[in-house]
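Colleague: Everything below, folded, please.
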Amino acid sequence: MNAETKIWAGAGVGVFRFWHPDHDEHVDPRQERSEITSLNFLDSGQFSLKIGLYEWDMDHSQCFITRPGLVFRSKHRQALPRDVFFSVQFDESIVDEALLIAGKPHARSGTVALSRFGIERANSQIRGGTSAGGGKLISLKFDRTEIQVYGDVAVLYSLFTLETEEGSKRKRSSGRATEIFRRNGDTWVNTGWHLDSGA
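Modeller: From the prediction side, this is the model:
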């Protein structure tokens with residue numbers, strides 16, 4: 001069970017605080033479907049987030065971005081979760097207006113979710129526990145991600161930092177990643193990707 005309170009509301013934008021009541025045992029739904037566009041920031045506690053086959057442990061450095069139709073699952077390790085987060089929620093008219101001003105009137109459906117999670121799909125061979133060089137994956141961070149949308153095609157550009165371990169030695173490396181997505185109905189399909197070690 002979740003509890004919420006509205007902190008602030010403006011024209012087309014609202015800020016909410018979400019938490020779990022202390023005395024109600026929580027059961028995670030098998031899946032949830034977002035009906036809104038929102039930016040969600042973890043204030044305290046922890047939980048994991050699963051979208052499709054991919055799962056992330058959420059912390060304070062991350063922002064969970066939703067859009068209408070996004071299917072996900074939140075998982076907690078405790079029967080009485082302690083996570084608290086703040087959500088900035090937008091009316092779709094505001095989203096449409098912002099995309100129109102940015103010159104991307106066709107980009108609303110699905111695009112906002114790519115900024116945080118899309119690039120990880122291109123690195124599925126690393127997330128299985130090994131890097132392309134054969135070492136064990138310790139951490140993978142994306143320091144910067146930009147999206148350019150051209151109708152039904154989206155191109156992601158990211159800077160990443162990777163730490164691997166092989167034997168008793170750890171190695172840090174960084175580079176650039178490029179992904180290309182094509183819209184297929186309400187789904188964005190990853191059609192190709194490229195990694196290099198450039199700074």
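
Colleague: In CSV, please show the C-alpha coordinates belonging to stretch 160-177.
Modeller: C-alpha atoms of stretch 160-177 as CSV (Å, rounded to 0.1, in the frame of the first residue of the first chain):
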residue,chain,number,x,y,z
PHE,A,160,29.7,6.0,-19.7
THR,A,161,32.2,4.9,-17.0
LEU,A,162,32.8,1.2,-16.5
GLU,A,163,34.6,-0.7,-13.8
THR,A,164,35.5,-4.4,-14.2
GLU,A,165,37.4,-7.0,-12.2
GLU,A,166,39.5,-9.8,-13.5
GLY,A,167,41.2,-11.9,-10.9
SER,A,168,42.3,-9.5,-8.1
LYS,A,169,42.7,-6.5,-10.4
ARG,A,170,40.1,-3.8,-11.0
LYS,A,171,40.1,-1.7,-14.1
ARG,A,172,38.2,1.6,-14.9
SER,A,173,37.5,2.7,-18.4
SER,A,174,35.2,5.3,-20.0
GLY,A,175,33.8,5.9,-23.5
ARG,A,176,31.0,7.0,-25.7
ALA,A,177,27.8,5.0,-26.7
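
Colleague: quick one: buried residues of that stretch?
Modeller: The neighbour-count check on stretch 160-177 (16 or more other Cβ atoms under 10 Å) flags 160, 162, 163, 164, 177 as buried. C-beta: built from backbone N, CA, C; applies to glycine.

Colleague: Equivalent analysis for stretch 60-73, please.
Modeller: By 16+ other Cβ under 10 Å, the buried positions in stretch 60-73 come out as 62, 64, 65, 66, 67, 68, 70, 72.

Colleague: From the residues you listed, pick the one nearest residue 138.
Modeller: Each of the buried residues of stretch 60-73 was checked against residue 138 using Cβ to Cβ; the closest is residue 62, at 17.5 Å.

Colleague: I'd assumed residue 46 was in contact with the closest one.
Modeller: No. Contact status for residue 62 versus residue 46: not in contact, 11.1 Å apart, counting by Cβ atoms under 8 Å.

Colleague: show me where pLDDT drops low in this structure?
Modeller: Residues of the chain that meet the criterion pLDDT under 70 lie in 1, 97, 99-135, 137, 186, 198-199.

Colleague: again, only using 50
Modeller: 105-132, 199 (pLDDT under 50).

Colleague: is it possible to export the buried residues of stretch 160-177 to a markdown table including distance to residue 80?
Modeller: As requested, the buried residues of stretch 160-177 are exported to a markdown table (distance: Cβ to Cβ, whole Å):
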| residue | distance to residue 80 |
| --- | --- |
| 160 | 36 |
| 162 | 36 |
| 163 | 34 |
| 164 | 37 |
| 177 | 39 |
